[in-house]
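**Student:** The sequence isn't on hand, but the structure is:
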Ligand SMILES: Cc1ncc(COP(=O)(O)O)c(C=O)c1O
């Protein structure tokens, strides 16, 4: 086996955060080292405690009461599927649904499946300067519009959407609002108590610093959503019908107990560090990267003022996959390239070719940002001189 002596410089935190805080790894290890015992779910008492703790942590962190309205699932995609199916289950005649061109395939694909089955009519609202305008949402509303599903923060452009104004407009028209917070939870304060959303989706393995295979959603009024999955809950076991109380209404089978222990530890870690200090550092480092990349005329940055620690760019004359390869080979920098599961964003910004994305986390250092900026600028300069020679 060959060992690469250079440390990995990880700029792919919008895909999944790495490294995890030591407390998170410890929580997984501790959870797996304890036996499962007791009654209740098959995971037993040890499992129940971690789940309750994680629910309380998430509820407090997101400002989402009561804790029982936090539902745990496999990930954000799973949550979105449950919510979309559940909100639409009562609409047998088909209805009108809104989403946006900023959205991830986790939203676009379930909605397109429904559209293909003639179960909904779908409108995709475009974005301007990285944002969906509330006026565009209002203009798209029809008498049969029942649901809007949209991203809170773009995973390509790093722009946070005005879900307060959009939610108020939707609620004035009696339309349900589901927000995909996969890129915002853990990166910015959320405060769901004051936001007009009917459901808010999170994932465990990105900004919340947990491990893959965890996620969930907050739901304001569980009665508005028809459960679409059924099975064992460890409660009311004589009943052949699935319990309708919360959170059992939407949770089935054995939980990912080590994953939820990790999620609670991730949220604790963020709270101890303070979200304000995480945001401040991320903003400074992101601004530094953008300032540096702007120095090269052949680097195209797709959002020069992101709200999240995400920098999406291309170098004129170079394929984005080649740039990613050069960063990995030459500098041990892990960046994401190509299409980032948000095809309509790429159609709008880079003609569907894809781009390079740098995404930062709580532990990105200034030195790593400096190395990345220098590396990208060097690649851009070389591309420029070889184009000049051609
Ligand atoms: C905006 C957005 N929504 C949803 C997802 C899917 O998240 P998960 O991997 O938890 O299903 C992602 C992940 O890349 C994302 O960026």
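**Tutor:** Arrived safely. Model, not experiment: these values are computed from the prediction. Numbering: from 1, shown residues only.
**Student:** Listing request: residues of the stretch 1-150 of the chain with sub-threshold pLDDT.
**Tutor:** Residue ranges of the stretch 1-150 of the chain with pLDDT under 70: 1-5, 36-48.
**Student:** where do the helices sit along it?
**Tutor:** Applying DSSP state H, counting those that start in this stretch to the stretch 1-150 of the chain gives helices spanning 22-33, 44-62, 76-88, 105-116, 134-140.
**Student:** How far does the first one sit from its chain's centre?
**Tutor:** On the basis of Cα atoms, centre = their mean, to the nearest Å, helix 22-33 is displaced by 23 Å from the centre of the chain it belongs to.
**Student:** Bridged to the closest residue to the ligand within the stretch 201-350 of the chain, which residues?
**Tutor:** Closest contact between the stretch 201-350 of the chain and the ligand, by Cβ to the nearest ligand atom, is at residue 203 (3.2 Å). Heads up, the C-betas are built off the backbone N, CA and C, glycines and all. Residue 203 has these beta-bridge partners by DSSP bridges: residue 215.
**Student:** didn't it look like it was pressed against residue 72?
**Tutor:** No: Residue 203 lies out of contact with residue 72 (Cβ atoms under 8 Å); the separation is 11.3 Å.
**Student:** which of those two has more neighbours?
**Tutor:** Neighbour totals were compared for residue 203 and residue 72, and residue 203 leads with 29 against 24 (other Cβ atoms under 10 Å).
**Student:** Contact partners for the more buried one?
**Tutor:** Residues near residue 203 by Cβ atoms under 8 Å, 6 or more residues apart in numbering: 75-76, 182, 185, 214-215.
**Student:** could these go into TSV alongside distance to the ligand and neighbour count?
**Tutor:** Compiled in TSV, those are given as follows (distance: Cβ to the nearest ligand atom, whole Å; neighbours: other Cβ atoms under 10 Å):
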residue	distance to the ligand	neighbour count
75	3	22
76	3	26
182	3	27
185	10	27
214	8	26
215	5	28
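**Student:** got the contact list for stretch 90-100?
**Tutor:** So stretch 90-100 is contacted by 88, 107-108, 111, 114, 118-127, 132, 137, 140-142, 144-151, 161, 175, 226 (Cβ under 8 Å, 6+ apart).
**Student:** Drop anything exposed from the residues you listed.
**Tutor:** 88, 107-108, 111, 114, 119-120, 123-125, 127, 132, 137, 140-141, 145-151, 161, 175 (16 or more other Cβ atoms under 10 Å).
**Student:** one step back: tell me which of the helices of the stretch 1-150 of the chain is the most buried.
**Tutor:** Ranked by mean neighbour count, those are led by helix 76-88 with a mean of 24 (mean count of other Cβ atoms under 10 Å).
**Student:** And it, what does it pack against?
**Tutor:** If you count contacts as 3 or more Cβ pairs under 8 Å, 6 or more residues apart in numbering; DSSP states H and E, helix 76-88 packs onto strand 70-73, helix 105-116, strand 145-151, strand 176-180, strand 199-203, strand 215-219.
**Student:** for those, which one sits closest to residue 279?
**Tutor:** For these, the distance to residue 279 is smallest for strand 199-203, at 17.0 Å, taking Cβ to Cβ.
**Student:** what's the first-to-last distance across stretch 192-204?
**Tutor:** 17 Å (Cα to Cα, to the nearest Å).
**Student:** For residue 281, what is the enclosing helix or strand?
**Tutor:** According to DSSP states H and E, residue 281 maps onto helix 275-294.
**Student:** can you list the residues that contact that helix?
**Tutor:** Counting contacts by Cβ under 8 Å, 6+ apart, the residues outside helix 275-294 that touch it are 158, 186-189, 270, 299, 301, 304, 306, 308-311, 313, 358, 360-362, 364, 366, 369, 372-374, 376-377, 380.
**Student:** show me the contacts for residue 380.
**Tutor:** When contacts are counted by Cβ under 8 Å, 6+ apart, residue 380 touches 293, 296, 298-299, 315.
**Student:** burial of residue 374, as a residue count?
**Tutor:** The number of residues packed near residue 374 is 12, by other Cβ under 10 Å.
**Student:** Distance of it relative to residue 367?
**Tutor:** 11 Å (Cβ to Cβ, to the nearest Å).
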